[in-house]
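> sequence first, then the predicted structure, then my questions.
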Amino acid sequence: MSIVLEKINFIYSEETAYQIQALKDVNLTIEDGQFIGIIGHTGSGKSTLIQHFNGLMKATSGTIYFNGQNIYEEGYHLRDLRSKVGLVFQYPEHQLFETTILEDVAFGPKNQGLSKEEALQRATEALKSVGMPEELYNQSPFDLSGGQKRRVAIAGVLAMQPEVLILDEPTAGLDPAGRDEILDLVARMHRERGITVILVSHSMEDVAKYVQRIIVMNQGSVMYDGTPKDVFHHYKELETVGLAAPQVTYLMHELKERGLLVDTDATTVAEARASLMEALTGVHSARKDFHVC
Amino acid sequence: MLRDITLGQYYPADSVIHKLDPRVKLFATLIYIVSLFCFKGVAALAVATVFLFGVIKTSKVPFKFMVKGLKAIMILMIITALFNLFLTPGEPIFSFWVLKITKEGVSSAALMAIRLTYLILGTSIMTLTTTPNQLTDGLEKAMAPLAKIGIPVHAIAMMMSIALRFIPILVEETDKIMKAQMARGADFESGNLVKKVKSMIPLLVPLFVSAFRRADDLAMAMEARCYNGGSGRTKMKPLKYEKRDRGAYVLVSGYLVLILLCRTFLPWPM
């Protein structure tokens, strides 16, 4: 049970003046149950890459296997693949169209061939899991606030109960509270349902805090692929391609340079705090009341 | 998929034709169309051919691109040619059942096919070497005298350029929404007509919502920058005739004179 990409190439507008190679020989294996972050600057091929995972875009060359089956094989049901690999696009609230929230979320399950009752049942579950209050279910999705709309749109994909959930910049344009809400929701899905989650993001902090594995895209190819610690270890190289490590990584490096024995591999605030406490209590054992947050 | 559709299909290249003032290109295209429908004789055809291919060569647009435009009107051309071939009265050279081909028919079919081909090639040079915005700029300037008789030339030009500007954006938006709905299992291809029309709802509703949102945003952004219509508005790149534009006018006028001379003195054989 996995997604395997072999030598995927994708070229936009082939053989015209506007030809762009968006993906170059991408080889990847997405194991089941992983929480993966994909980072890369604008135009690095992230969005193109994730649209290959569920067959919305067809590679110019190369093969993709989902659970061992070649998805480009003749007779392969791409619609089945799409219901197993759920993809939440950037600004997903722009896809809402139904008269009520419940109906909109039930659109996916209905397309999967479920009966109306089952579809509504699934929709209710999905809306509950994204924390939408029940009294809003019969309202028009266009009356909601931005953050609520986004949660409804994500519920629209969750209701299909995918095995793999891909989110393209799910926090773009949200305030910090909305951002944490969405990311916590995604993390909970991963924890409780054990589904594979792929998170495309610009925010190194978000990625470092939640994911187990980071794939860095640059100019259509995979630049780094590893744990957050491994990847952010190359923070100098990341800067050369317009990316950066989390703020705390910089802080830790700076502190170490100035002589404090801290762990420079810390990528989240919590890790940094622990390492700092250790270093500080080691150095100034007399000042136990020193507060670091 | 939808990304491949381009309107006006501007082909960027660095050529004299690209740099010409859009008004010159509009005028030249007009003259060229007129010349196609009034020429007579092989000599005039030769002049038109040399002129056309000379311009294609200088424009640095690959010939392959021009031919693409021809494919679209292939059917129209075949039908026109067939009608001309079979329905022109005159001296018969071949007849079968009720169909008969005349000498006049053959020549008028050939002439029609050539005219249509040249027409498409000639006009596509203009659209391939001029961005839609330049074109509307040129139209606005060329039509400016009409403003005196109460025609809102500036407003029309502005609407045209906004509409043109938004076509690729809306195409992209359609593509995006389509993909988002396909990711939720929507099916836009199979089923009968009723089902197909119904399957468009998840596409059209969000598309209209976003079109209105964009229109609102644009109106707001224009007002925020004090846009209040055409009068007194200056341009960042005002159209100005340069030496090469004047040269082009002379060349095009010379071409028309030559065609008319051929028509008068060498009308053989048509």
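Nice, I can see it.
> report the separation between the two terminal residues of stretch B:95-107.
16 Å (CA to CA, to the nearest Å).
> how far is it from where the chain is centred?
34 Å (CA atoms, centre = their mean, to the nearest Å).
> what does stretch B:109-119 give?
Centroid displacement of stretch B:109-119 relative to its chain, using CA atoms, centre = their mean, is 17 Å.
> and stretch A:218-230, by the same measure?
On CA atoms, centre = their mean, the centre of stretch A:218-230 falls 14 Å from the chain's centre.
> what lies in contact with it?
A:10, A:21-28, A:37, A:40-41, A:44-45, A:48, A:207-208, A:211-217, A:231, A:234, A:237-238, A:241, A:265, A:267 (CB atoms under 8 Å, 6 or more residues apart in numbering or on different chains). In this view, the C-beta of every residue, glycine as well, is placed from N, C-alpha and C.
> would you mind writing the PyMOL command to select the buried ones in these?
The PyMOL command for the buried members of the contacts of stretch A:218-230 (criterion: 16 or more other CB atoms under 10 Å in any protein chain shown) is given here:
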select buried, chain A and resi 10+22+23+24+26+28+37+40+44+45+48+207+208+211+213+214+215+216+217+231+234+238+265+267
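> among the contacts of stretch A:218-230, which are located in strands?
A:10, A:21-28, A:37, A:213-217 (DSSP state E).
> per-domain residue ranges of chain A.
A:2-243, A:246-286 (automatic domain parsing).
> give the rounded mean pLDDT of the last one.
Throughout domain A:246-286, pLDDT has a mean value of 81.
> swap in stretch B:51-58?
Mean predicted confidence for stretch B:51-58 is 91.
> ok, stretch A:192-210 next?
87.
> quick one: it near chain B?
No - using CB under 8 Å from any CB of the partner chain, stretch A:192-210 stays clear of chain B, with a minimum separation of 13.4 Å.
> what residues does the stretch 101-250 of chain A have near chain B?
A:107-108, A:111-112, A:142, A:156-157, A:160.
> just the buried members of those?
By 16+ other CB under 10 Å, these give A:107-108, A:111-112, A:156-157, A:160 as buried.
> tabulate those residues (a markdown table), appending pLDDT and secondary structure.
Compiled in a markdown table, those are given as follows (pLDDT from 0 to 100; DSSP: H, G, I helix; E, B strand; the rest coil):
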| residue | pLDDT | secondary structure |
| --- | --- | --- |
| A:107 | 93 | helix |
| A:108 | 92 | helix |
| A:111 | 90 | helix |
| A:112 | 90 | coil |
| A:156 | 93 | helix |
| A:157 | 93 | helix |
| A:160 | 93 | coil |
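> which one of those is nearest chain B?
Nearest to chain B among those is residue A:111, at 3.0 Å by CB to the nearest CB.
> that closest one contacts residue B:183, correct?
No - the criterion here is CB atoms under 8 Å, and residue A:111 misses it with residue B:183 at 10.2 Å.
> which stretches of the chain have low pLDDT?
Looking at chain A here, since you left the chain open. Applying pLDDT under 70 to chain A flags residues A:1, A:17, A:282-293.
> wait, chain B was what I had in mind.
B:1-9, B:268-270.
> which helix or which strand is home to the residue in the stretch 101-250 of chain B that chain A sits nearest to?
Using CB to the nearest CB, the single residue of the stretch 101-250 of chain B nearest to chain A is residue B:185, 3.0 Å away. Using DSSP states H and E, residue B:185 maps to neither a helix nor a strand.
> what's near enough to touch the closest residue to it other than its chain neighbours?
Closest residue to residue B:185 apart from its sequence neighbours, by CB to CB, 6 or more residues apart in numbering or on different chains: residue A:111 at 3.0 Å. Neighbouring residues of residue A:111 by CB under 8 Å, 6+ apart: A:79, A:83, B:184-187.
> can you put the residues you listed in JSON lines and add neighbour count and distance to residue B:244?
Formatted as JSON lines, the contacts of residue A:111 follow (neighbours: other CB atoms under 10 Å in any protein chain shown; distance: CB to CB, whole Å):
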{"residue": "A:79", "neighbour count": "14", "distance to residue B:244": "56"}
{"residue": "A:83", "neighbour count": "23", "distance to residue B:244": "60"}
{"residue": "B:184", "neighbour count": "28", "distance to residue B:244": "55"}
{"residue": "B:185", "neighbour count": "19", "distance to residue B:244": "57"}
{"residue": "B:186", "neighbour count": "23", "distance to residue B:244": "52"}
{"residue": "B:187", "neighbour count": "13", "distance to residue B:244": "54"}
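> from those residues, pick the one nearest residue A:61.
residue A:79 (23.7 Å; CB to CB).
> how close does that closest one get to residue A:71?
12 Å (CB to CB, to the nearest Å).
> tell me where chain A has helices.
Remark: helices of chain A, listed N- to C-terminal, are A:46-53, A:78-84, A:101-111, A:116-129, A:146-158, A:176-193, A:204-210, A:228-233, A:235-240, A:247-257, A:269-283; assignment by DSSP state H.
> packing partners for the fourth one?
For helix A:116-129, the helices and strands in contact under the criterion 3 or more CB pairs under 8 Å, 6 or more residues apart in numbering or on different chains; DSSP states H and E are helix A:101-111, helix A:146-158, helix A:176-193.
> export those helices as TSV, with columns for distance to residue B:117.
Formatted as TSV, the helices and strands packed on helix A:116-129 follow (distance: least, CB to CB, whole Å):
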stretch	distance to residue B:117
helix A:101-111	47
helix A:146-158	50
helix A:176-193	58
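> how about those, which one is nearest residue B:200?
Using CB to CB, the helices and strands packed on helix A:116-129 put helix A:101-111 closest to residue B:200, at 13.8 Å.
> restricting to C-alpha, output the closest one in CSV.
Presented in CSV, the C-alpha positions along helix A:101-111 are these (Å, rounded to 0.1, in the frame of the first residue of the first chain):
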residue,chain,number,x,y,z
ILE,A,101,-23.2,23.0,3.4
LEU,A,102,-24.4,19.5,4.0
GLU,A,103,-25.2,18.9,0.3
ASP,A,104,-21.9,20.3,-0.8
VAL,A,105,-19.9,18.0,1.4
ALA,A,106,-22.1,15.1,0.2
PHE,A,107,-21.1,15.8,-3.4
GLY,A,108,-18.0,13.6,-3.2
PRO,A,109,-19.6,10.5,-1.5
LYS,A,110,-22.5,10.8,-4.0
ASN,A,111,-20.0,10.6,-6.9
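> how much does that helix deviate in direction from helix A:116-129?
Using axes from the mean of the first three to the mean of the last three CA atoms, to 10 degrees, the inter-axis angle of helix A:101-111 relative to helix A:116-129 is 120 degrees.
> what is the orientation angle of helix A:101-111 with helix A:146-158?
20 degrees.
> residues of chain B that sit close to chain A?
B:3-4, B:11-12, B:176-177, B:179-187, B:201-202, B:205-206, B:209-210.
> now with 7 Å?
Remark: the part of chain B in contact with chain A comprises B:3-4, B:11-12, B:176-177, B:179-187, B:201-202, B:205-206, B:210, using CB under 7 Å from any CB of the partner chain.
> need phi/psi at the residue nearest to residue A:102 when sequence neighbours are not counted.
Leaving aside its chain neighbours, residue A:102 sits nearest to residue A:137 (4.4 Å; criterion: CB to CB, 6+ apart). Per-residue torsions, residue A:137: phi -50, psi -30 (degrees, to the nearest 10).
> now residue A:99
According to degrees, to the nearest 10, residue A:99 has phi -80, psi -30.
> is it true that it touches residue A:142?
No - assessed by CB atoms under 7 Å, residue A:99 is found out of contact with residue A:142, at 9.5 Å.
> check chain B for its longest helix and report it.
Max-length helix for chain B by DSSP H is helix B:153-183.
> chain B: helices as residue ranges?
B:16-19, B:22-38, B:41-59, B:63-72, B:74-87, B:103-129, B:132-143, B:153-183, B:193-199, B:201-224, B:243-265.
> understood, closing this out.
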